[in-house]
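In: Here you go, sequence then predicted model.
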Amino acid sequence: VPLGTDLANDLVQLETEQQQENESNNNGNGNKKPKLITKEVICCDYSESVIDLLKQKYKEKNGNATAATGDAYKKNKVVNFVVADARQMEYTNGQFHLILEKGTLDAMLCDKEEGIENCKQIVTECARVLAIGG
């Protein structure tokens, strides 16, 4: 199962623990919910077949759930699987607060001719879509 779905579920668990801690600190009278850490996790890959495989694995793990449903969705979390080129993403400037790169740069560096330039483009693009302070 992809990193993104595990991350979404871990965030749900963390928020649940924060809620329980908040309630115990207020002797069970804690009405204030902790701030959501994130509402959405986006898993991107250049390959449509990889994205299709990730969607299928997610669906298998979560029964008949679609890619945007499951345990994470029920807790206000959405996991989306998107075909995207990390060198030129269709997201707005500053749209993300966190970007995790899991092997893309290593894979790009296997290309002896264009690898370094591709990595520069990816890092530049990540900087563009990352929010200030993100």
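Out: Perfect, I can see it now.
In: Out of the helices and strands in the protein, which is least certain?
Out: Every helix and strand in the chain was compared by mean pLDDT, DSSP states H and E; the lowest is helix 71-74, with a mean of 46.
In: Next SSE downstream of it?
Out: Per DSSP states H and E, helix 71-74 leads on to strand 78-83 as the next helix or strand towards the C-terminus.
In: quick one: buried residues of that next one?
Out: Judged by neighbour count (16 or more other CB atoms under 10 Å), strand 78-83 contains these buried residues: 78-79, 81. For glycine as for every other residue, the C-beta is placed from the backbone atoms N, C-alpha and C.
In: cool, stretch 15-23 as well?
Out: residue 15.
In: just stretch 92-112 next, same as before
Out: Within stretch 92-112, the residues that qualify as buried are 96, 104, 108, counting by 16+ other CB under 10 Å.
In: who's in contact with that stretch?
Out: 3, 7, 38, 86, 115-116, 118-119, 122-123, 126, 128-134 (CB atoms under 8 Å, 6 or more residues apart in numbering).
In: Filter these down to the buried ones, ChimeraX style.
Out: In ChimeraX, the members of these classed as buried (16+ other CB under 10 Å) are selected with the following command:
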select :7,86,118,119,122,126,129,130
